[in-house]
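Enquirer: Just a sequence and a predicted model for now, questions to come.
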Amino acid sequence: MAFEKGLARSEKAYEQLTKVSTLFADIVKIEFITTWQWWFGLALFIIPWLVWFKYKKKDSAGRLLLAGLLTIISSLTIDLAALSLGLWSYPMIIIPLAPFLFLPYHFSLAPVGVMFALQIKPKMNNLLKGIIFSAIAAFGGMNFFNAIDFYNPKDWSTLYDFCIFLILYYTAYWITNLESFYRLDNDS
């Protein structure tokens, strides 16, 4: 009995979620799409990738893209957990398919930022590079997005954002430095 009751309650929750998603889609269509903030958010989705494709380190593109993919997965996982706990929110919605997420951050800014940080000055001390990247991203980027109402940290400290960016950077750094990157058709 409990299982069937849980299924029924789950279905009601999905119906409410669908109504909320429809409301967010209406907000984007009616309120946001004509604002400079919406267009800026859309540009943040596209321009970082265009810049990366132009300036990427071609002989390391595969490793860097893997680091970017890991950054996307990690940042989405962290964000979904934090959003479900109500730690922060994203008042500005760019794409209503995932209204609770700031998709330009997850699918563009974070991965491209990490990939550029990894490829710039590859011989630099990585502890220092990770700290610099995280400081710019957290204290510069997140505070900027808070100022233009793309991000609402609620009671979340920017220092915590700094730690999250360190984790994202060092996870990506770790995967790009794995020694097991050989071609699949390599017989040796």
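Expert: Looks like it arrived, so ask away.
Enquirer: residue ranges with poor pLDDT in this protein?
Expert: 181-188 (pLDDT under 70).
Enquirer: biggest helix in it by residues?
Expert: helix 2-27 (DSSP state H).
Enquirer: Contacts for the next helix or strand after that helix next, please.
Expert: Once the chain leaves helix 2-27, the next helix or strand it forms, by DSSP states H and E, is helix 36-55. The contact list for helix 36-55 (Cβ atoms under 8 Å, 6 or more residues apart in numbering) reads 28, 32, 92, 94-95, 102-105, 107-109, 112-113, 115-116, 148-150. (C-beta placed from N, C-alpha, C; glycine too.)
Enquirer: if I look at the residue of the chain positioned farthest from its centre, how far off is Ala137?
Expert: Residue farthest from the centre of the chain, counting by Cα atoms, centre = their mean, is Met1 at 40.2 Å. Distance from Met1 to Ala137, counting by Cβ to Cβ, to the nearest Å: 49 Å.
Enquirer: does the residue nearest to the spatial centre of the chain count as helix, strand or coil?
Expert: For the chain, His106 is the residue whose C-alpha lies nearest the centre (Cα atoms, centre = their mean; 1.9 Å). The assignment at His106 comes out as helix when based on DSSP: H, G, I helix; E, B strand; the rest coil.
Enquirer: again, but for Phe150
Expert: Looking at Phe150 with three-state DSSP, the answer is coil.
Enquirer: Name all residues that make contact with it.
Expert: 37, 41, 90-92, 102.
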